[in-house]
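Visitor: predicted structure and sequence below. I'll ask about it afterward.
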Amino acid sequence: MGGADRLSAAREALAAAEAAAAASGLRPAGARAGAEGGHQPGARGSGDAPPGAPAGVPGGRHQASAPDPHDVARKIVLRQLSMGPRTRRQLEDKLREKGCDPQVAARVLDRMTSVGLVDDEAFAEMWVRSRQETKGLAAGALRHELRTKGVADHLVNAALGEIPPDQEKEAARALVARRLRTMTGLDREVQTRRLAGFLARKGYAPGVAYQVIREALDDLPEHARD
């Protein structure tokens, strides 16, 4: 599903959730205005507009109503999601940065989670698959990236557990083969050192890295044994 379709579906789901909340007696903040303030039709308080003044404007002065903080938070979240998937922690950080009340942020994110628009488990699975395919990252690097994005350890472990046992080694072999094309004529020790550092930055464990490097170098004609 494309970004626009996903957001459209999310908005429909949110609208349905709001309708269900209203039906159960739960109303958004601001909907209780008047109902809980003790005002009755026809009654005037000290701050009410005098006769002849525009309705709801004390003293006849025009005042703009403050935006609903829940609506503001929802728009921020949907704007972030329109740019790509986000974890709950990332969205919490963005709402905090924008000055949203923590309780408002929590309610909005809970609603987004209930309709499936915020899903850390799905994010972790997508992230592992994408970063493996585009960057050749190993489990160590993927674990670090997911943790920095606020994904819980049990979800990280589950996503990494989906990696086939031999897939990581094959990915390391492909990375080494590509990198070796730029190292023609270098001493074997230099090649080994540079390849090991390269694979370490990709998150590969030393044991896997050195095994793959040794096999690749042994296959090169320039290092063939007499």
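Guide: Okay, I see it.

Visitor: how close does the residue nearest the centre of the chain get to residue 71?
Guide: Centroid-nearest residue in the chain, with CA atoms, centre = their mean: residue 86, separated by 1.6 Å. Distance, residue 86 to residue 71, by CB to CB, to the nearest Å: 19 Å. C-beta coordinates here come from the backbone N, C-alpha and C atoms, glycine included.

Visitor: surely residue 195 meets residue 176?
Guide: Yes: proximity of residue 195 to residue 176 meets the contact threshold set by CB atoms under 8 Å, at 5.7 Å.

Visitor: what is in contact with those two at once?
Guide: 213, 216 (CB atoms under 8 Å, 6 or more residues apart in numbering).

Visitor: after the helix or strand of the chain with the lowest mean pLDDT, which helix or strand is next? Please name it.
Guide: Sorting the helices and strands of the chain by mean pLDDT, DSSP states H and E puts helix 3-23 at the bottom, at a mean of 53. Using DSSP states H and E, the helix or strand that follows helix 3-23 in sequence is helix 69-82.

Visitor: count of neighbours near residue 87?
Guide: Counted with other CB atoms under 10 Å, residues neighbouring residue 87 total 21.

Visitor: need the three-state assignment for residue 163.
Guide: Here residue 163 is coil, with the state taken from DSSP: H, G, I helix; E, B strand; the rest coil.

Visitor: ok, now which ones touch it?
Guide: Residue 163 touches 128, 132, 139, counting by CB under 8 Å, 6+ apart.

Visitor: how about a markdown table for those, with pLDDT and secondary structure added?
Guide: As requested, the contacts of residue 163 are exported to a markdown table (pLDDT from 0 to 100; DSSP: H, G, I helix; E, B strand; the rest coil):
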| residue | pLDDT | secondary structure |
| --- | --- | --- |
| 128 | 95 | helix |
| 132 | 91 | helix |
| 139 | 93 | helix |
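
Visitor: and these, which is closest to residue 145?
Guide: residue 128 (9.3 Å; CB to CB).

Visitor: which SSE is the closest residue in space to that closest one that isn't next to it in sequence in?
Guide: Using CB to CB, 6 or more residues apart in numbering and skipping the chain neighbours, the partner closest in space to residue 128 is residue 159 (4.7 Å). Per DSSP H and E, residue 159 falls inside helix 153-160.

Visitor: now do that helix: which elements does it pack against?
Guide: helix 120-135, helix 139-148 (3 or more CB pairs under 8 Å, 6 or more residues apart in numbering; DSSP states H and E).

Visitor: who does the longest one touch, helix- and strand-wise?
Guide: Same thing as helix 120-135. Against helix 120-135 (3+ CB pairs under 8 Å, 6+ apart) you get helix 139-148, helix 153-160.

Visitor: tell me the most buried of those?
Guide: Compared across the helices and strands packed on helix 120-135, helix 139-148 shows the largest average neighbour count, a mean of 18 (mean count of other CB atoms under 10 Å).

Visitor: counting by contacts, list what that helix packs against.
Guide: Helix 139-148 packs on helix 120-135, helix 153-160, going by 3+ CB pairs under 8 Å, 6+ apart.

Visitor: save those as CSV, and put in distance to residue 214 too.
Guide: As requested, those are exported to CSV (distance: least, CB to CB, whole Å):
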stretch, distance to residue 214
helix 120-135, 23
helix 153-160, 26
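
Visitor: how is this structure partitioned into domains?
Guide: 83-163, 167-223 (automatic domain parsing).

Visitor: so who does residue 123 touch?
Guide: 85, 86, 87, 149, 151.
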